[in-house]
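S.K.: Any chance you could fold what I've pasted below:
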Amino acid sequence: MSLRRLGIASAFVALLTVASSGQAAFSGAADTHVGFEASGPAGLKITGTTSDLTATEDSGNVVLTVALGNLTTGIGLRDQHMRDKYLEVPKFPATTLVVARSAIAVPTSGQKSAGDAPGTLTLHGQSHPVTVHYDSKGDGGGVVTHGSFRINMNDFGITVPTYLGVTVKPEVDVSATFKLAGT
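M.R.: The predicted structure is shown next:
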């Protein structure tokens, strides 16, 4: 069940990283935390995390990439099913979020900004538009950003996880927090 949600979480993290970039070039992401939350019947909640997030700039876009191989939910067998059966990590090792740099309001040191930015998420070999909600704070020589979005596993061709008759909902909430230096 958590495999799909982890993939979604990775995608959200990528979107969040894009939301933090400013007008000057940045040197990379630090203090990264990407997470996802999936839910199911009777209050079932599955959360997953990774810190494998990278940020780059390309042709006026911020590109966030999350490696999916280290997504964890705290249960080894569930992690294995998520990576191998649902996300198919050997075939699709990463998820990518691309956001136009011009769509992001980047705060100066001590200032804050927030907004929604359109982007394109590529997950499980498929690309779809997403809207990332972000809030950022200028912090010395960088920007600390938190972002989030929701995806539907069905949109990306990911089978909704089922285990012992329990099926998670296809919607997954993804979030990320990171600091970009040199923005």
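
S.K.: What sits closest to residue 105 if chain neighbours are left out?
M.R.: With C-beta to C-beta, 6 or more residues apart in numbering as the measure, residue 113 is the residue that lies nearest to residue 105, at 4.1 Å, once sequence neighbours are left out. From N, CA and C alone the C-beta is placed, and that goes for glycine too.

S.K.: The one you found: neighbour count?
M.R.: Residues within reach of residue 113, counting by other C-beta atoms under 10 Å, total 19.

S.K.: now residue 142
M.R.: Using other C-beta under 10 Å: residue 142 sits among 23 other residues.

S.K.: Tell me how far it lies from residue 62.
M.R.: The spacing between residue 142 and residue 62, counted by C-beta to C-beta, to the nearest Å, is 14 Å.

S.K.: got it, and residue 109?
M.R.: Counting by C-beta to C-beta, the gap from residue 109 to residue 62 is 20 Å.

S.K.: Of these two, give the one with the bigger neighbour count.
M.R.: Between residue 109 and residue 62, residue 62 has the larger neighbour count (other C-beta under 10 Å), namely 28 against 11.

S.K.: which element is the more buried one on?
M.R.: Using DSSP states H and E, residue 62 falls within strand 61-67.

S.K.: Work out the gap between that strand and the centre of the chain.
M.R.: Its chain's C-alpha centre lies 9 Å from the corresponding centre of strand 61-67 when counted by C-alpha atoms, centre = their mean, to the nearest Å.
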